[in-house]
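Participant: Provided below are the primary sequence and the corresponding predicted coordinates.
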Amino acid sequence: LDEILTYCAEQIRHCFPSCHAAIIRLVDNGPPRITDTGLGAAYVEAVADRAATLKALLGDPGQDSQLLGSTTDPVTARDCHRALIEAAGFADAFHLPLRGSNGRLLGLLGAYCPGAATDPGNPDIRRLAEFGQIAALAVERSEQEQLQRQTLAALADTRDGIMITDLRPAIVSVNSAWSDITGYGAEEALGHNPSILKSGLESPALYEEMWKSLLGNGYWQGELWNRRKNGETYPQLLSISTVRDSAGLPTHYVGVMTDLSRLRHSEEERERLTHYDPLTHLPNRLLAISRLQHAIEQAERQGDSIAVLYLDLDLFKHINDSLGHVIGDQVLIEVSRRLQAEVAGDVTLARLGGDEFLLIIERLATPDDAARAASRLIDALHAPLRIDGTQEVFAAGSIGIALFPGDGRTPQELIQHADTALNEAKTRG
């Protein structure tokens, strides 16, 4: 672009040896960009100071072709016109707006003369206008190419799959995210009907509604199941739009797909990290309290009892200190497996943190059932724990029990009571 604009400026000077030319690009964001034949720093500064004024004066496509034409503010226009001439160091000038094909202001062509500028009807001025048209075409073409590059870069970087089809429909273009989602490379997809993705799980009525909306409204959006190249089905959110030409006739369809299985997997992962212990995969304290609250509400409605068992490993600090934290973590994993093997039904086993575990028994028949459950958990830890298939580690535990409603009516009260009972059990040995 710079080469073309420099060529236009040089050709103007060649055709009009006594004149200097400058082509000013008025960009939307940023300072104006000037292609000139040596008008100097004062001129560049004057243009920068008046860029906003130039845009305001000439921004209306209906304005006259010259800066001093019938503008909405002729006084300001005349002042701006003279300021640029003085900064350029000449006696007079013609300032011709550069407009795109839609009339949008792209910039300004300034032709600076040592004497008075001739009448606008002069053939020389018409020739200047022709150079201005060439410059405007070059600027507009450059902007379109830049926009196309930005669009292509955005399509390449987006995580949504994008597919373009003709009206048959046959696939004419896909982005890399589409290939990542579907498993089909671009060379495998081009020319094929998008039905290569059909899962067979959707009813014909869904596709009839899709085409009815596309043909009637030019748009459709919905969730459906598709099938990857490897045969795996997956849910996706699909938006399809109709692309039309300048006459309003449809030429292509553009589909944008979001792989919902990935989003749902991410949501499940966040749920797991929020509510489950990453080491043992048991419910954590947050989820345990939530379940206990739910159990209390249900027990209050139905008149049931609940047992809360607070288990703490004995001498676990000694295991960590003597064998290391890696072995300590493996001990916790094996203990959680042993405990899980002893629970069933309406029972929640959670790890509160460190070497502390919580057991919630809903619909407790008698207090003796809680005591028997505690005995089973203690007995489950009697046998040595085999770590890495070779090393044996001995662990033992102590348990405190709290009963709803007698020992508390909130999760905090029940857990605190069970913790107190645990400490008493440890004291008694």
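Facilitator: Sure thing, it's come through. Computed from a predicted structure; not experimentally measured. Residues are numbered from 1 along each chain as shown.
Participant: Pull out the buried residues from stretch 295-306.
Facilitator: 295-296, 299, 304-306 (16 or more other C-beta atoms under 10 Å). Glycine gets a C-beta too; all of them are placed from N, C-alpha and C.
Participant: and the residues you listed as CSV, adding distance to residue 18?
Facilitator: Putting these into CSV (distance: C-beta to C-beta, whole Å) gives the following:
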residue, distance to residue 18
295, 96
296, 96
299, 100
304, 104
305, 106
306, 101
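Participant: any idea which of these is the one closest to residue 329?
Facilitator: residue 295 (29.5 Å; C-beta to C-beta).
Participant: I'd like to know how many residues surround the nearest residue to that closest one once chain neighbours are set aside.
Facilitator: Spatial nearest neighbour of residue 295, chain neighbours left out: residue 362 (4.9 Å); criterion: C-beta to C-beta, 6 or more residues apart in numbering. Neighbourhood size, residue 362 [other C-beta atoms under 10 Å]: 21.
Participant: contacting residues around residue 362?
Facilitator: 295, 298-299, 304, 306, 346-347 (C-beta atoms under 8 Å, 6 or more residues apart in numbering).
Participant: cutoff 6 Å now
Facilitator: 295, 306, 346 (C-beta atoms under 6 Å, 6 or more residues apart in numbering).
Participant: could the residues you listed be laid out in JSON lines, adding secondary structure?
Facilitator: Below are the contacts of residue 362 laid out as JSON lines (DSSP: H, G, I helix; E, B strand; the rest coil):
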{"residue": "295", "secondary structure": "helix"}
{"residue": "306", "secondary structure": "strand"}
{"residue": "346", "secondary structure": "coil"}
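Participant: ok, these vs residue 317, which is closest?
Facilitator: Closest to residue 317, out of all of these and judged by C-beta to C-beta, is residue 306, at 30.8 Å.
Participant: Quick check: the closest one touching residue 298?
Facilitator: No: counting by C-beta atoms under 6 Å, residue 306 does not reach residue 298; the two are 9.1 Å apart.
Participant: Low-confidence ranges, the stretch 1-150 of the chain, go.
Facilitator: Scanning the stretch 1-150 of the chain for pLDDT under 70 picks out 1, 37, 59-73, 117-124, 147-148, 150.
Participant: can you do 80?
Facilitator: 1-4, 7, 12-18, 27-30, 36-38, 54-75, 77, 101-105, 116-129, 143-150 (pLDDT under 80).
Participant: how about the helices of it, start to end?
Facilitator: Under the criterion DSSP state H, counting those that start in this stretch, helices of the stretch 1-150 of the chain are mapped to 2-15, 41-49, 51-58, 74-88, 123-157.
Participant: what's the one helix or strand residue 262 maps to packed up against?
Facilitator: For residue 262, the host element (DSSP states H and E) is helix 260-275. Applying 3 or more C-beta pairs under 6 Å, 6 or more residues apart in numbering; DSSP states H and E, we find helix 260-275 packed against strand 233-244.
Participant: what's in contact with the strand it packs on?
Facilitator: Taking C-beta under 6 Å, 6+ apart as the rule, strand 233-244 contacts 199, 218-221, 223, 225-227, 250-261.
Participant: Output that strand as CSV - backbone C-alpha positions only.
Facilitator: Provided in CSV are the C-alpha atoms of strand 233-244 (Å, rounded to 0.1, in the frame of the first residue of the first chain):
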residue,chain,number,x,y,z
THR,A,233,-21.3,-39.5,19.5
TYR,A,234,-21.2,-36.1,21.2
PRO,A,235,-23.6,-33.2,22.0
GLN,A,236,-23.0,-29.9,20.3
LEU,A,237,-24.5,-26.5,20.1
LEU,A,238,-24.9,-25.6,16.4
SER,A,239,-25.7,-22.2,14.9
ILE,A,240,-26.2,-21.9,11.1
SER,A,241,-26.5,-18.6,9.2
THR,A,242,-27.2,-17.8,5.6
VAL,A,243,-24.7,-15.7,3.7
ARG,A,244,-26.1,-13.5,1.0
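Participant: mind listing what's buried in that strand?
Facilitator: Neighbour-count burial for strand 233-244 [16+ other C-beta under 10 Å]: 234-236, 238, 240-242.
Participant: Quick check: neighbours of it in the sheet, parallel or antiparallel?
Facilitator: strand 219-227 (antiparallel), strand 250-259 (antiparallel) (DSSP bridges).
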